[in-house]
Structure formats: structure tokens, C-alpha cells
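**Q** Got a predicted model here, sequence first, then my questions.
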Amino acid sequence: MSTHIDLNCDIGEGFGPWQMPADTELMEMVSTVNVAAGFHAGDPSTLRATVDRAAGHGLDIGAHVALPDLVGFGRRRMDLSAQEAYDISLYQISAVAGFARAAGTTLTHVKPHGALYMMASADRAIADAIARATAAVDSSLRLFLLDARFADHVLGTYGVHVEPEGFPDMAYAPDGQLVLERTKAPRPPEQVAHRAVRMATENVVDASDGSVVPVRARTLCLHSDAPNAAATGRAVLDAFAAHDITVRSLSSLA
């Protein structure tokens, strides 16, 4: 029996003339994109061009909200209040939603980035703030988080569905948390592909200590800032084809 999985990538993470070279290729491989909103990467022109291309490909488009940390690419933890988390999230979601509307399409989801993602996946107050900002724009938007620990609260309070996410190109700690990298290191594409297949078909991943941890993900992420991002994406698709795994967006599966 064929398995369906959403494949997403973080995209539009260039700035000015400095663009991520794999963005164009990755858009041909994935079903969903998370577009940088300017706080960790991106600028208005990059955001507009990225959303326009994604809309042209018929991809699900999400707002990739982050801490205000251009220098650290949003991967440095900051001490912020829940109200600040709400404010920066609402600002960024609204920006991407506006560009999506101008491109003749609509936003489908919200995904925190980097350190904010780690904070939201472990701290209910931060997750609550981002969910509240999401609902303020559109409660039909999905919220991508590492797991479903806050799903019932977010759905019951704001009407927002949490979609658990897996990361085949990142290391996992034995407790199931991600090992956040300040700079994305390249992993062997075949290794990432093998991990992606296991996540999609077995709902597990090997942790950094060799143990096996559960990963019940509805969407899998690839990072465009990895030096070998395009080769990794091709390896994942080849492995999916070999295991009868079909890439489909969450909006088409709903």
C-alpha cells in the first residue's frame, strides 16, 4: 500500500543579492514551503519572489516565523515574553499572508524557525503565543511543531491544528528533541533518505546515541541552507519512489 507524506522545506532564506542556490530546485521536489519572513533571513523582494514562485508551482505556502536574529540566522535562543512571541509572530505571519494574497493564493500554515521552534516545541507559553497569533490571522492555518504535546490545548483554545514534523537531515537527542546546529552541516544524502523513509513508514528515527525514538510526523522537513540540499532532496525522492511513498501536501490530504 502506498504511503503519503508531506515534504516541506524552509525557503527564501537569502538576503538581498545573496540567495540560497538550492531554492529553485527544491521547489520542484517538495509539496510545501515555509517562507522566511525577514526576521532570521529574507527581505521584502526575496519574500515576494519566493511566494510568487511557490504559488506558480501550486505549493502549500507557510510563514516561517523566527526570532529577530539576522546575524545568528535565528538559531540563537533569546529571552522573550509570551507577548513578545505573539507580537513577532503576528507581524511575520501577516507579512507572508499579504504577499500570498498579492500572488493570488492563500497561506496554509505557520512554522517557527530555529531557536523559536525549539522554544515553542517545549514551552507551552511560547507555543500558545504563536498559536494565538496564527488564529488572529486565520484559525484554519496549521501550526507545524516537533510533536503533538500541545495539540489538544492549541486546537481547543484557538481552533488551530498542530501538525507534528520530522527532520531527517537533523540529529535527534535520546529524548526526542532536536540537536540545533548554528550552521547547517551537510549529511550524506543517502543517510538522510534512509531516515526519511523510516520516519514515513516506521515512525522512528535513530537518535545521536544510537537509540531509536518515535517520530509520528505528518510532514518532513528538508533545509535549503545545507550545502548539499539539492542532492539530498533528489536522494529522498529516489528513496521514496523505491518504497512507494508519495509526496502530497497536507491540504490535499485533508
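**A** That came through fine. Keep in mind the model is a prediction, meaning the values are calculated, not measured. Numbering: from 1, shown residues only.

**Q** List the buried residues of the helix or strand harbouring Asp128.
**A** Using DSSP states H and E, Asp128 falls within helix 124-137. Judged by neighbour count using 16 or more other C-beta atoms under 10 Å, the buried positions of helix 124-137 are Ile126, Ala127, Asp128, Ala129, Ile130, Ala131, Arg132, Ala133, Thr134, Ala135, Val137. Any C-beta I mention is one placed from the backbone N, CA and C, and that applies to glycine too.

**Q** what's the answer for stretch 37-46, then?
**A** Ala37, Gly38, Phe39, His40, Ala41, Gly42, Thr46.

**Q** and these as CSV, adding pLDDT and secondary structure?
**A** Below are the buried residues of stretch 37-46 laid out as CSV (pLDDT from 0 to 100; DSSP: H, G, I helix; E, B strand; the rest coil):
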residue, pLDDT, secondary structure
Ala37, 97, coil
Gly38, 96, coil
Phe39, 97, coil
His40, 96, coil
Ala41, 96, coil
Gly42, 96, coil
Thr46, 96, helix
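
**Q** of these, closest to Gly210?
**A** Distance ranking of these against Gly210, using C-beta to C-beta, places His40 first at 31.9 Å.

**Q** May I have the phi/psi pair for the closest residue to that closest one other than its chain neighbours?
**A** Among residues not flanking His40 along the chain, Gly74 sits closest, at 2.7 Å (C-beta to C-beta, 6 or more residues apart in numbering). The phi and psi values for Gly74, taken as degrees, to the nearest 10, are phi 70, psi 10.

**Q** ok, Gly74 - contacts?
**A** Contact analysis of Gly74 by C-beta atoms under 8 Å, 6 or more residues apart in numbering lists Phe39, His40, Ala41, Ala66, Leu67, His113, Gly114, Ala115, Leu116.

**Q** Which parts of the longest helix anywhere in the chain count as buried, going by neighbours?
**A** Across the chain, the helix with the greatest residue count (assigned by DSSP state H) is helix 82-102. Within helix 82-102, the residues scored as buried using 16+ other C-beta under 10 Å are 82, 85-86, 88-90, 92-93, 95-97, 99-100.

**Q** same deal with stretch 137-148?
**A** Of all the residues in stretch 137-148, those buried under the rule 16+ other C-beta under 10 Å are Val137, Leu141, Arg142, Leu143, Phe144, Leu145, Leu146, Asp147, Ala148.

**Q** so what's Ala97 up against?
**A** Shown in contact with Ala97 (C-beta under 8 Å, 6+ apart): Ala63, Thr106, Leu107, Val137, Asp138.

**Q** can you give me how far stretch 185-201 is from the chain middle?
**A** 16 Å (C-alpha atoms, centre = their mean, to the nearest Å).

**Q** who touches that stretch?
**A** 3, 5, 166, 168-169, 204-206, 215, 217, 220, 222, 226-228, 231-232, 234-236, 238-240, 243, 245.

**Q** ditto for stretch 54-62
**A** 6, 8, 11, 27-28, 30-35, 51, 96, 100, 103-111, 141-142, 144, 249-251.

**Q** how about the nearest residue to Arg53, chain neighbours excluded?
**A** Met27 (6.1 Å).

**Q** can you pull the contacts of that neighbour?
**A** Ile11, Val33, Arg53, Ala54, His57, Leu59.

**Q** Tell me the most packed of these, by neighbour count.
**A** Ile11 (34 neighbours; other C-beta atoms under 10 Å).

**Q** residues contacting that residue?
**A** By C-beta under 8 Å, 6+ apart, the contact list for Ile11 reads Met20, Asp23, Leu26, Met27, Val33, Asn34, Val35, Ala36, Thr50, Ala54, His64, Ser224.
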